[in-house]
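> heads up, no residue letters with this:
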């Protein structure tokens, strides 16, 4: 005898799905927009490199992601610098050598430079040699930096222009490796003696940063007074937006929308995914 009397009834049919409505789709878009807003404001955000002031590490045409949390959050963390965050919350100070993104102290445009001097540091340049707190920063000559000329890359006055094997042109720059006292190292370019190769000494005030471009003679950084579209002077730490983390795309600028194959030939594939 089979036991069926106490068996639970089989639902048999799936529950009827509610039809999609304009209201539910709109709510989905609102939630998606909020998720993207939160992600870009507080976790990671994309930025592009529009100049050659950070050669050789960063090139015009690079697209990177920046971590938003390392230095805390201010109004500058939000889209359009919306005045919604009181002061600077969860504040953190950069380390020497960090590649930082910040708002220009005067015109509020995004800039990217390397943090060199922290509050209390004495920064000085003598004949192109960087000094921190009275001591020279280790500087070693390494192999020249060579980059192909393209719509995104020109030969600045400090470069030697030479032909390549494919009929194009190359730019050759003198390159050095600097190593900060804590052991952080990075590469810099040097065009030779320029007026900005002698600077300071200057003591970095509390709450400020001294920043420099890696392309030392082609960067209007903290060695220059802050002015719109030009030098940045000392950067208030409250202007920090994020720390550059990884390259997600790079192009030499030769792509054309009407020629889809150039979207691939213009890419600098070897740079994509590089950490900073």
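Looks like it arrived, so ask away. These numbers come from a predicted model, not from an experiment.
> drop to CA atoms for contacts and neighbour counts, all remaining ones
Noted.
> got the end-to-end distance for stretch 218-237?
Across stretch 218-237, the terminal residues are separated by 24 Å (C-alpha to C-alpha, to the nearest Å).
> state the mean pLDDT of that stretch.
In this model, stretch 218-237 has an average pLDDT of 94.
> which parts of the stretch 151-276 of the chain are strands?
160-163, 169-179, 185-189, 199-203, 208-212, 235-236, 240-250 (DSSP state E, counting those that start in this stretch).
> ok, the stretch 1-150 of the chain next?
Going by DSSP E, counting those that start in this stretch, the stretch 1-150 of the chain shows strands at 44-48, 62-67, 99-103, 110-117, 122-126, 129-132, 135-136, 138-148.
> of all the ones you listed, which lies closest to residue 29?
Closest to residue 29 of the strands of the stretch 1-150 of the chain, according to C-alpha to C-alpha: strand 44-48, at 19.9 Å.
> what packs against that closest one?
Secondary-structure packing of strand 44-48 (3 or more C-alpha pairs under 8 Å, 6 or more residues apart in numbering; DSSP states H and E): strand 62-67.
> in the strand it packs on, what's buried?
Across strand 62-67, burial judged by 16 or more other C-alpha atoms under 10 Å covers 62-67.
> ok, it: who's next to it in the sheet?
strand 44-48 (antiparallel), strand 240-250 (antiparallel) (DSSP bridges).
> now it: mean pLDDT?
Taken as a whole, strand 62-67 has a mean pLDDT of 94.
> which residues are in contact with that strand?
Defining contact as C-alpha atoms under 8 Å, 6 or more residues apart in numbering, one finds that strand 62-67 is touched by 43-49, 101, 242-251.
> out of the strands of the stretch 151-276 of the chain, which comes closest to residue 83?
strand 240-250 (14.3 Å).
> can you report phi and psi for residue 183?
phi 100, psi -10 (degrees, to the nearest 10).
> for residue 166, see how far away it is.
39 Å.
> just residue 36 next, same as before
43 Å.
> ok, those two, which is more surrounded?
residue 36 (12 against 6; other C-alpha atoms under 10 Å).
> list of residues touching the longest helix along the chain?
Longest helix of the chain, by residue count under DSSP state H: helix 22-42. Residues outside helix 22-42 that contact it (C-alpha under 8 Å, 6+ apart): 45-46, 68-69, 73, 77-79.
> mind redoing it with 10 Å?
Outside helix 22-42, the residues that touch it by C-alpha atoms under 10 Å, 6 or more residues apart in numbering are 21, 43-46, 65-70, 72-79, 241-242.
> buried subset of the residues you listed, written for PyMOL?
Buried residues among the contacts of helix 22-42 (16+ other C-alpha under 10 Å), as a PyMOL selection:
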select buried, resi 43+44+45+65+66+67+68+69+70+72+73+74+75+76+77+78+241+242
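> return the set of buried residues in stretch 166-177.
In stretch 166-177, counting by 16+ other C-alpha under 10 Å, buried: 169-176.
> and for stretch 231-238?
In stretch 231-238, counting by 16+ other C-alpha under 10 Å, buried: 231-238.
> reformat those as a markdown table; add distance to residue 148.
Compiled in a markdown table, the buried residues of stretch 231-238 are given as follows (distance: C-alpha to C-alpha, whole Å):
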| residue | distance to residue 148 |
| --- | --- |
| 231 | 28 |
| 232 | 29 |
| 233 | 32 |
| 234 | 33 |
| 235 | 33 |
| 236 | 36 |
| 237 | 36 |
| 238 | 37 |
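> take the buried residues of strand 62-67 and write them to TSV, including distance to residue 151.
TSV is the format used below for these (distance: C-alpha to C-alpha, whole Å):
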residue	distance to residue 151
62	13
63	16
64	19
65	23
66	25
67	29
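> wait, which of those residues is closest to residue 190?
Among the buried residues of strand 62-67, residue 62 lies closest to residue 190 (C-alpha to C-alpha), at 21.2 Å.
> touching, residue 276 and residue 248? I think so.
No. At 11.0 Å, residue 276 does not count as touching residue 248 under the criterion of C-alpha atoms under 10 Å.
> since that was my last question, I'll sign off now.
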